[in-house]
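A.B. asks: model the structure of this input:
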Amino acid sequence: MKHIELFGNIAHALGGTYRPLSTEREDDDRGYVTLADGVELFINAGGYGNEGRIFISGSYPSYRDMQGNKQAVLPRDVYENNQRLSSPDISVSAAKSAAVIAKDVERRLLGTLMLREIWHKCKARADAHTEHDRRQREVIERAAKATGGAVRAGLTEISYGY
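C.D. replies: I've put the predicted structure just below:
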């Protein structure tokens, strides 16, 4: 991972932490920066036709649905003023220092493009899904108990023994 040190330094300059996408592949120049307020960024270097560039975007929150499947909440899933939110990203030169890249991220991505606010709106929607599913599970379990049934099929059905 030729950019792991740079990515770690960028994360540190932003007051966050870095973790690589894969610890198994040494040539993988992708990972996540988690900021102090929980906002997570996806960072990757290069790619076909993009040598010498670093791309930074949001890595959006997720939740587990009633069947246990992971569901990501993307900006396009959140509406504000009857408009879907967009998913901002930036690219910067990999030749810049970590401190300069971190300032670019703060100014351009988190500031002007408001990724931080968009991420928190996605997080609120993921939390709302989690709470809705928790309440739904509670109602299903109470109904099953009150009627002598058993909850099955990922908490979406109540079965009876007759």
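A.B. asks: please make it C-alpha for all contacts and neighbour counts, starting now.
C.D. replies: Noted.
A.B. asks: leaving out the residues flanking it, which one is nearest to residue 113?
C.D. replies: In this structure, residue 113 finds its nearest non-sequential neighbour in residue 88, 6.3 Å apart by C-alpha to C-alpha, 6 or more residues apart in numbering.
A.B. asks: next, count neighbours for the one you found.
C.D. replies: 17 (other C-alpha atoms under 10 Å).
A.B. asks: from what I see, it and residue 110 are in contact.
C.D. replies: No - assessed by C-alpha atoms under 8 Å, residue 88 is found out of contact with residue 110, at 9.2 Å.
A.B. asks: grab the most central residue of this protein for me.
C.D. replies: Nearest to the mean C-alpha position of the chain, by C-alpha atoms, centre = their mean, lies residue 60 at 2.2 Å.
A.B. asks: so that residue versus residue 118, what's the distance?
C.D. replies: With distances taken as C-alpha to C-alpha, to the nearest Å, residue 60 is found 9 Å from residue 118.
A.B. asks: same check, this time on residue 111
C.D. replies: In terms of C-alpha to C-alpha, residue 111 sits 11 Å off from residue 118.
A.B. asks: more neighbours: which of those two?
C.D. replies: Per other C-alpha under 10 Å, whichever of residue 111 and residue 118 has more neighbours is residue 118, with 22 against 13.
A.B. asks: follow-up on the earlier one: just want the phi and psi numbers for the residue nearest to the centre of the chain.
C.D. replies: phi -90, psi 150 (degrees, to the nearest 10).
A.B. asks: need the contact list for it.
C.D. replies: 40, 41, 72, 73, 74, 119, 122, 123 (C-alpha atoms under 8 Å, 6 or more residues apart in numbering).
A.B. asks: okay if I get the residues you listed as JSON lines plus neighbour count?
C.D. replies: Below are these laid out as JSON lines (neighbours: other C-alpha atoms under 10 Å):
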{"residue": "40", "neighbour count": "22"}
{"residue": "41", "neighbour count": "23"}
{"residue": "72", "neighbour count": "16"}
{"residue": "73", "neighbour count": "22"}
{"residue": "74", "neighbour count": "23"}
{"residue": "119", "neighbour count": "24"}
{"residue": "122", "neighbour count": "24"}
{"residue": "123", "neighbour count": "22"}
